[in-house]
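In: Any chance you can model this:
(chains A and B)
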There are 2 protein chains.
Amino acid sequence: MSAYKVGIVSGGSFGTSMAISIAETAETNNIFKNQVSILLNKEFYNSVSLVDLINKDKENKKYLPNVKIPDNVVATINKDEVEDWDIVIFATPHEYFIKVCEEIRVKKGALLISLTKGFVDTNLTTPCTFLRKKYNEKVFSFMGANIASDIANKTFSQSTVGYDEDGKKEVACIILPLFSRHIAVSMVNDVVGVELCGALKNIVAVVYGIAEGLELGPNILSSIFNEGIRETRLLLKENNRCPDLIFESCGIQDIFVTCLAGRNKKCGIMIAKEKKLGNFTSQGIGTCLELYKYLVKINSHLNYPIVCRLYDILTKKDLDLKKAIFDIFLR
Amino acid sequence: MSAYKVGIVSGGSFGTSMAISIAETAETNNIFKNQVSILLNKEFYNSVSLVDLINKDKENKKYLPNVKIPDNVVATINKDEVEDWDIVIFATPHEYFIKVCEEIRVKKGALLISLTKGFVDTNLTTPCTFLRKKYNEKVFSFMGANIASDIANKTFSQSTVGYDEDGKKEVACIILPLFSRHIAVSMVNDVVGVELCGALKNIVAVVYGIAEGLELGPNILSSIFNEGIRETRLLLKENNRCPDLIFESCGIQDIFVTCLAGRNKKCGIMIAKEKKLGNFTSQGIGTCLELYKYLVKINSHLNYPIVCRLYDILTKKDLDLKKAIFDIFLR
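Out: Predicted coordinates:
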């Protein structure tokens, strides 16, 4: 068996940090080809192309500044290269997911791993469900309690890989060895459940950030956090997933780290400070709009006050933010 | 039926903040006598007695500075007064719990509520178990995701009351109305389970604080948090309690708020910065020493790496703190 060629679709902060982590494994392990690829859009940072920044300067100044990229990570803008990859890792933000997939083909028998959080439409279609349908290959979800810079800096981190029965063998023999020894990975037999956790945590973190920005104090922050756990468990249950998935790294732990230090929490703080969305967007905002519409459709939105109140904040003008936060708990 | 007289044993920050909160209820509600008492030791702050500070200046400058105490909170050092109280709330730190109880008698039929976190010996005897045995009255545990200053400042807060079957009627009719409308209280039929949660969260928070003080980054902090949840659930299970108690305010939510802003977390930060315990102690430290000895006795300590590593940190000289933290996850 020849070594697996690994590549990552999209070079944002999470995609780049995973490339750095996987490059370390690839270099020391003959299961994988030494070179790890990243597929980028034609993008520029201070008039220099991002591909050149990664390939020549060995740094992704735009999305993951101040982190050295190893020599065996190679960036490309050639979408046809993806067809040579045996393992295709998707790190594209959910709002561009379908568009990006429309432009790439994958090799027959490729393993597809999604790091993308959120839904690709308002029917609660997860990235992995979409990938499976489009490419008819084995899919895996990878989520966890990870801040990109910590992964890139090789801090100890934990993550969860979701697999379905048909990928059971591959997850143990190929997917697990893929991640560096700095990432402790647990496996669960539920691709979509892992993705549901990953989607909701960003919504919780935006609301948490709003409360933090309003300086409402630790007690109310803890209430938002706990309500976020309740809504995540409910979403799992309503989608016939095991609610105990919440105890994996993709569950409570990921809500925690995202509320502590993630981009979505920072977006919430900005909303509170500037009383509007501003230029700073986040995955949690798009995910909230999608999830809210779905929940209304199945008539379950009243069971998700965090999702509803964030939807109000995002769509209603002149809303009293503080009141919206307290309304989460007044049912 | 005449109105219930309410008093609090010990006037630390949590006892004082609860007195302030309950005083508001007592003033607007004819179930309770208007005056709420706090029993203090003979204590001084800048040479002024704490009793005078509370009764005359209406401020507990030593333990809860900058918070106005309502006129209907009255401090006393007379232990005999406790025998007049219909509801006795214990807010004494666990290490003085037995000693304080030895000096007070309670009225026959009094309802006893413990806010104390930790164990009163190394047999895992909880404060409520001790109270029940000593006084043979109905006992309740009150724990929750509460930072004292937030309660005193009437921020929205959540808490859990644990009751046993014989106190079922009282919890609904007397205990729940006792707490101010700023505190949303849930009830669970398990006095000791609630106390086990309250004990372990302080241990977790000290370790969390050490990791924060060492600047180990958000991913490892989230791992400590998640492991804390696992050990709490295990302690509940091993003591024949329902592990789903973790979803109440006394569970994950209280671990969260304590890691975010509590005294135990601050103690952990100090340990990390000064590489020793120093003058700053916390409930989590005493609780760790008690719990560790118990776990060794029942030969289950290896299942509690947070408890074990904190015990090592507290008892072994020249231990590498960073290594001790990482060892939690290397089993």
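In: Show me where the stretch 101-250 of chain A has its strands.
Out: Per DSSP state E, counting those that start in this stretch, the stretch 101-250 of chain A carries strands over the ranges A:111-114, A:138-144, A:157-163, A:183-188.
In: Please identify the pairing partners of the shortest one and their relative orientation?
Out: Partner strands for strand A:111-114, per DSSP bridges, with pairing direction: strand A:87-90 (parallel), strand A:138-144 (parallel).
In: what mean pLDDT does the last one have?
Out: This points to strand A:138-144. Averaging pLDDT along strand A:138-144 yields 96.
In: quick one on the thing from earlier: want to throw the strands of the stretch 101-250 of chain A into CSV with mean neighbour count?
Out: Every residue, glycine included, has its C-beta placed from N, CA and C. Output for the strands of the stretch 101-250 of chain A, formatted as CSV (neighbours: other CB atoms under 10 Å in any protein chain shown):
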stretch, mean neighbour count
strand A:111-114, 26
strand A:138-144, 27
strand A:157-163, 26
strand A:183-188, 18
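In: between those, which one is nearest to residue B:181?
Out: Among the strands of the stretch 101-250 of chain A, the nearest to residue B:181 by CB to CB is strand A:138-144 (38.9 Å).
In: Show me the contact partners of that closest one.
Out: Here strand A:138-144 makes contact (CB atoms under 8 Å, 6 or more residues apart in numbering or on different chains) with A:89, A:111-115, A:117, A:126-128, A:131-132, A:157-164, A:166-167, A:170-171, A:175, A:183, A:185, A:191-192, A:194-195, A:197-198, A:249-250, A:253-254.
In: Could you rerun that using 6 Å?
Out: Here strand A:138-144 makes contact (CB atoms under 6 Å, 6 or more residues apart in numbering or on different chains) with A:111-115, A:128, A:131-132, A:158-163, A:166-167, A:175, A:191, A:194-195, A:198, A:249-250, A:254.
In: That one to strand A:157-163, inter-axis angle?
Out: Counting by axes from the mean of the first three to the mean of the last three CA atoms, to 10 degrees, strand A:138-144 lies at 150 degrees to strand A:157-163.
In: what's the closest of the strands paired with strand A:111-114 to residue A:121?
Out: Ranking these by distance to residue A:121, with CB to CB as the measure, places strand A:87-90 first at 15.9 Å.
In: export the closest one as PDB, just CAs?
Out: The C-alpha coordinates for strand A:87-90 follow below in PDB (Å, rounded to 0.1, in the frame of the first residue of the first chain):
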ATOM      1  CA  ILE A  87      -7.500  12.200   2.500                       C
ATOM      2  CA  VAL A  88      -9.400  15.500   1.900                       C
ATOM      3  CA  ILE A  89      -9.900  17.700   4.900                       C
ATOM      4  CA  PHE A  90     -12.600  20.400   4.600                       C
END
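In: Could I get the buried residue list for it?
Out: Neighbour counts over strand A:87-90 (16 or more other CB atoms under 10 Å in any protein chain shown) mark A:87-90 as buried.
In: Just give me how far the helix or strand bottoming out on mean pLDDT in chain A sits from the chain centre.
Out: Using mean pLDDT, DSSP states H and E, the weakest-scoring helix or strand in chain A turns out to be helix A:148-152, at a mean of 82. Relative to its chain's centre, helix A:148-152 lies at 13 Å (CA atoms, centre = their mean, to the nearest Å).
In: Show residues contacting that helix.
Out: Outside helix A:148-152, the residues within contact range by CB under 6 Å, 6+ apart are A:13-14, A:17, A:20-21, A:67, A:157, B:217, B:219.
In: State the number of residues packed around the residue nearest to residue A:156 when sequence neighbours are not counted.
Out: Excluding its sequence neighbours, the residue lying closest to residue A:156 (CB to CB, 6 or more residues apart in numbering or on different chains) is residue B:220, at 5.5 Å. Residue B:220 has 26 neighbouring residues, counting by other CB atoms under 10 Å in any protein chain shown.
In: where's residue B:220 relative to residue B:303, distance?
Out: Between residue B:220 and residue B:303 the distance is 20 Å, computed by CB to CB, to the nearest Å.
In: Then residue A:212?
Out: Plainly put, residue A:212 is 35 Å away from residue B:303 if you go by CB to CB.
In: Would you mind measuring from the closest residue to residue A:166 other than its chain neighbours to residue A:123?
Out: The spatially closest residue to residue A:166, leaving aside those adjacent along the chain, is residue A:138, at 5.9 Å (CB to CB, 6+ apart). From residue A:138 across to residue A:123, the span is 23 Å (CB to CB).
In: likewise residue A:85?
Out: 28 Å.
In: With neighbour numbers in mind, choose between the two.
Out: Neighbours per residue, other CB under 10 Å: of residue A:85 and residue A:123, the larger number sits with residue A:85, 24 against 11.
In: ok, which stretches of chain A are helices?
Out: Here chain A has its helices, by DSSP state H, at A:13-28, A:50-55, A:97-102, A:127-135, A:148-152, A:168-170, A:176-178, A:191-213, A:218-238, A:254-261, A:263-274, A:283-297, A:305-315, A:321-327.
In: So which bits of the stretch 151-300 of chain A are right by chain B?
Out: Residues of the stretch 151-300 of chain A found near chain B (CB under 6 Å from any CB of the partner chain) are A:155-158, A:217-220, A:222-223, A:225-226, A:253, A:256-257, A:260-261.
In: Report the residue ranges of every domain in chain A.
Out: A:4-189, A:199-327 (the TED database).
In: how long is the shortest one end to end?
Out: Put plainly, it is domain A:199-327. Start-to-end span of domain A:199-327 (CA to CA, to the nearest Å) is 22 Å.
In: Check the longest one too.
Out: Across domain A:4-189, the straight-line distance between its terminal residues is 23 Å, by CA to CA.
In: go on, stretch A:151-164?
Out: OK, stretch A:151-164 end separation, CA to CA: 26 Å.
In: What is the burial count for the nearest residue to residue A:213 once chain neighbours are set aside?
Out: Excluding its sequence neighbours, the residue lying closest to residue A:213 (CB to CB, 6+ apart) is residue A:272, at 2.6 Å. Neighbours of residue A:272 under the rule other CB under 10 Å: 19.
In: Residue A:166 now?
Out: Neighbours of residue A:166 under the rule other CB under 10 Å: 11.
In: need the contact list for the residue lying closest to residue A:261 once chain neighbours are set aside.
Out: Of all residues not flanking residue A:261 in the chain, residue B:218 sits nearest, at 4.0 Å (CB to CB, 6+ apart). For residue B:218, the contact set (CB under 6 Å, 6+ apart) comprises A:147, A:257, A:260-261.
In: Find the pair from those residues with maximum spatial separation.
Out: Greatest spatial distance among the contacts of residue B:218 (CB to CB): A:147 and A:260, at 8.2 Å.
In: who has more neighbours, those two?
Out: A count of neighbours by other CB under 10 Å puts residue A:147 above the other of residue A:147 and residue A:260, at 24 against 21.
In: Now do the same contact list for that one.
Out: Residues counted as contacts of residue A:147 (CB under 6 Å, 6+ apart) are A:261, B:218-219.
In: Turn those into CSV, columns for pLDDT.
Out: Listed next are the contacts of residue A:147 as CSV, based on pLDDT from 0 to 100:
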residue, pLDDT
A:261, 92
B:218, 93
B:219, 92
